[in-house]
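Participant: Sequence and computational prediction follow.
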Amino acid sequence: MRHYTAAVITVSDKGYRGERVDTSGPALCELLKERGYEIAYTAMVPDEAELIRAELLKCADEKKISLVLTTGGTGFSPRDITPEATKAILERETPGIPELMRSESMKITPRGCLSRSVAGIRGRTLIINLPGSEKAARENILAVIDPVGHGVDMLYTEGSADCADSPSKAAGK
């Protein structure tokens, strides 16, 4: 994988007001750095659709960041509107990413089915919603990080990117 930029946007009313320490955002940044991503941007916003959309647009359209992770706002609370704000700016959804995250979460807790995370593409930016808890955010991104890397590679190729090759076939096995 080439080296790509990443952003982490924490969506939390309490975090934004300074009433709760954000641990999921920093944990995701550390995980991405370990995977070779350069953290180009981080932000904390309240659960307000306009502010979430503005941050996503800044990352995709202005900063041209390769991978944007949001953490928070994916549950059932009336203020949990991150998926709706994300869908509003996506050009193409990538349903397989949240499907795999929910599938893997269900192996840990039956409540994994309650995640409303979405993922998709805007320009050459892949955007993925993650849960707000550090534990769930880490579990979810780890479930998809390898295929996500390939997906980001595909966004930066002009043609196709050997999608048919399995990892073992590509390694010559």
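Facilitator: Received the coordinates, thanks.

Participant: after the host helix or strand of Thr10, next one along is what?
Facilitator: Assigning secondary structure by DSSP states H and E places Thr10 in strand 5-11. Scanning the chain past strand 5-11 towards its C-terminal end, the next helix or strand to appear is helix 13-16 (assignment: DSSP H and E).

Participant: Buried ones in the helix or strand that comes right after that following helix, by neighbour count?
Facilitator: With elements assigned by DSSP H and E, the helix or strand that comes after helix 13-16 is helix 24-34. Of the residues in helix 24-34, Ser24, Gly25, Ala27, Leu28, Cys29, Leu31, Leu32 count as buried by neighbour count, 16 or more other C-beta atoms under 10 Å. Backbone N, C-alpha and C define where each C-beta goes, glycine included.

Participant: CA atoms only for helix 24-34 - export them in CSV, please.
Facilitator: In CSV, the C-alpha atoms belonging to helix 24-34 read as follows (Å, rounded to 0.1, in the frame of the first residue of the first chain):
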residue,chain,number,x,y,z
SER,A,24,-11.9,6.9,20.4
GLY,A,25,-10.5,9.7,18.1
PRO,A,26,-6.9,9.4,19.4
ALA,A,27,-7.1,5.5,19.4
LEU,A,28,-8.2,5.6,15.8
CYS,A,29,-5.3,8.0,14.9
GLU,A,30,-2.8,5.7,16.5
LEU,A,31,-4.2,2.6,14.7
LEU,A,32,-4.1,4.4,11.4
LYS,A,33,-0.5,5.6,12.0
GLU,A,34,0.5,2.0,12.7
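
Participant: what separates the following helix or strand past it from the chain centre, distance-wise?
Facilitator: Next along the chain after helix 24-34, taking DSSP H and E as the criterion, comes strand 38-45. From the chain centre to the centre of strand 38-45 is a distance of 12 Å (C-alpha atoms, centre = their mean, to the nearest Å).

Participant: And strand 38-45, what does it pack against?
Facilitator: strand 5-11, helix 13-16, helix 24-34, helix 49-57 (3 or more C-beta pairs under 8 Å, 6 or more residues apart in numbering; DSSP states H and E).

Participant: Among those, which comes closest to Gly132?
Facilitator: The closest of the helices and strands packed on strand 38-45 to Gly132 is helix 24-34. By C-beta to C-beta, the value is 6.0 Å.

Participant: packing partners for the strand holding Thr10?
Facilitator: Under the contact criterion of 3+ C-beta pairs under 8 Å, 6+ apart, the helices and strands touching strand 5-11 comprise helix 24-34, strand 38-45, helix 49-57, strand 67-71.

Participant: so which strand or helix has Val144?
Facilitator: When elements are defined using DSSP H and E, Val144 is found to belong to helix 134-155.

Participant: what does the average pLDDT come to for that helix?
Facilitator: Per-region confidence: helix 134-155 scores 97 on mean pLDDT.
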